[in-house]
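Student: Predicted structure and sequence below. I'll ask about it afterward.
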Amino acid sequence: MTAPTINDGADWFTEVCEKGGSAFSLRVRKKLHDEHSPFQHIEIWETTDFGNLMVIDGFVMLSSRDNYLYHEMMSHPALFTHPAPKRVVIIGGGDCGTLREVLKHPGVQHVLQVDIDERVTRLAEEYFPELCASNHDPRAELYFGDGIQWVKDAAPGSIDLVIVDSTDPIGPAEGLFSEAFYRDCHRALGEAGLIVQQSESPLLHYESIIRPMHRSMRAAGFADSVSLQFPQPVYPSGWWTATLAGKQAVVEFRQEDARAKAFATRYYNAAIHNGALAQPEFFLHGRTD
């Protein structure tokens with residue numbers, strides 16, 4: 001069978017996923033920004049149908065159109081699982097979308113965002129201002145530095161929730177997927193402490209990332225872990241996960257509080273949370289075809 005040919009004269013941004021034997025494309029109007037920061041290559045594109053697009057080192061980070069799926073699922077399930085989250089640390093998350101979602105919870109007293117590259121945040125403020133709407137909330141603090149070192153230096157029991165909103169486990173982000181990092185998080189978390197981390201695609205990365213992540217989190221001392229699933233069209237395969245681990249059980253959450261939430265979301269609700277906890281058969285049996 002011959003592959004269809006795009007012949008409308010349009011320009012396309014394409015991310016090739018070599019491991020998955022696939023590619024994802026968005027039609028673009030023009031490139032809005034291109035720079036090499038001290039840490040990475042950052043591009044901003046204007047697309048025809050997905051709003052603005054941020055690309056780092058050739059990999060899609062977010063689009064205006066569908067980023068809410070990721071940011072809501074990286075924040076609200078964990079926040080409604082913890083009995084009373086007050087102190088939150090976001091490792092990465094330089095686009096500030098997760099920060100905005102966390103600050104929708106009135107009980108949260110302080111959110112520290114630790115990202116190594118300030119340029120990501122400054123470009124988000126310019127090209128994705130809706131994601132940065134809460135940057136000046138008095139409960140928010142932006143710190144630009146090494147998240148791995150920050151957690152290592154954190155006082156024991158000083159945090160309720162760690163959200164690891166990182167890029168893929170390559171380059172500077174590789175250490176964020178290690179047992180040593182999870183041990184430091186475990187030490188820094190309080191009695192009911194939780195960590196949630198983006199954990200890639202179940203279709204493409206179950207054996208290479210998701211299963212090893214669960215093993216490392218358990219080895220680091222976490223009592224329970226589960227991978228929450230959600231759609232993410234601009235990421236490879238369109239099927240994504242966030243893996244949640246806790247010092248206590250993580251499959252129960254404050255359902256009534258989630259149902260009665262006083263803030264708006266576009267995707268997350270209590271039913272979505274319950275659905276995201278359902279596990280595919282190959283997760284349950286630890287195998288892939």
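Tutor: Cool, got the structure.

Student: Using the three-state scheme, assign residue 105.
Tutor: Put simply, residue 105 is coil when judged by DSSP: H, G, I helix; E, B strand; the rest coil.

Student: repeat for residue 24
Tutor: strand.

Student: ok now do it, which residues does it touch?
Tutor: 14-15, 17, 60, 234-236 (C-beta atoms under 8 Å, 6 or more residues apart in numbering). C-beta coordinates here come from the backbone N, C-alpha and C atoms, glycine included.

Student: give the contact list for the residue nearest the centre of the chain.
Tutor: With distances taken as C-alpha atoms, centre = their mean, residue 165 lies nearest the centre of the chain, 3.9 Å away. Neighbouring residues of residue 165 by C-beta under 8 Å, 6+ apart: 74, 90-93, 98, 198.

Student: ok, so of these, who is nearest residue 178?
Tutor: residue 91 (12.7 Å; C-beta to C-beta).

Student: For the closest one, list each beta-bridge partner.
Tutor: residue 114, residue 164 (DSSP bridges).

Student: That one contacts residue 167, correct?
Tutor: No. Using C-beta atoms under 8 Å, residue 91 is not in contact with residue 167; the gap is 11.2 Å.

Student: Those two: which has the busier surroundings?
Tutor: residue 91 (25 against 20; other C-beta atoms under 10 Å).

Student: residues touching the more buried one, list them.
Tutor: 114-115, 147-148, 150-151, 162-166, 176.

Student: And residue 48, by the same measure?
Tutor: Contacts of residue 48 by C-beta under 8 Å, 6+ apart are 10, 26-29.

Student: Out of the contacts of residue 91, which is nearest to residue 266?
Tutor: residue 165 (17.9 Å).

Student: Let me see the ranges of the helices in the stretch 151-289 of the chain.
Tutor: Ranges of helices within the stretch 151-289 of the chain are 179-188, 202-205, 211-219, 255-259, 270-277, 281-284, based on DSSP state H, counting those that start in this stretch.

Student: chain center to the first one: distance?
Tutor: Right, helix 179-188. 18 Å (C-alpha atoms, centre = their mean, to the nearest Å).

Student: by contact count, what packs against it?
Tutor: helix 147-153, strand 159-165, strand 189-198, helix 211-219 (3 or more C-beta pairs under 8 Å, 6 or more residues apart in numbering; DSSP states H and E).

Student: Save these as CSV, and put in mean pLDDT too.
Tutor: As requested, the helices and strands packed on helix 179-188 are arranged in CSV below (pLDDT from 0 to 100):
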stretch, mean pLDDT
helix 147-153, 96
strand 159-165, 98
strand 189-198, 97
helix 211-219, 95
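
Student: Let me have the ones you listed in a markdown table, extended by distance to residue 258.
Tutor: Converted to a markdown table, the helices and strands packed on helix 179-188 look like this (distance: least, C-beta to C-beta, whole Å):
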| stretch | distance to residue 258 |
| --- | --- |
| helix 147-153 | 28 |
| strand 159-165 | 15 |
| strand 189-198 | 15 |
| helix 211-219 | 24 |
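
Student: Please indicate which of those has the most neighbours on average?
Tutor: Neighbour counts (mean count of other C-beta atoms under 10 Å) averaged over each of those peak at strand 159-165, with a mean of 26.

Student: what angle sits between that strand and helix 179-188?
Tutor: 150 degrees (axes from the mean of the first three to the mean of the last three C-alpha atoms, to 10 degrees).

Student: For burial, what's the neighbour tally of the residue nearest to residue 240 when sequence neighbours are not counted?
Tutor: Distances taken as C-beta to C-beta, 6 or more residues apart in numbering put residue 232 closest to residue 240, at 3.9 Å, once the chain neighbours are dropped. Residue 232 is flanked by 21 other residues according to other C-beta under 10 Å.

Student: In contact with residue 232, which residues?
Tutor: Applying C-beta under 8 Å, 6+ apart, the residues near residue 232 are 66, 69-70, 238-240.

Student: Any buried residues in the worst-scoring helix or strand of the chain on mean pLDDT, and which?
Tutor: The helix or strand of the chain with the poorest confidence is helix 281-284; it has a mean of 86 (mean pLDDT, DSSP states H and E). Burial within helix 281-284, assessed by neighbour count using 16 or more other C-beta atoms under 10 Å, is assigned to residue 283.
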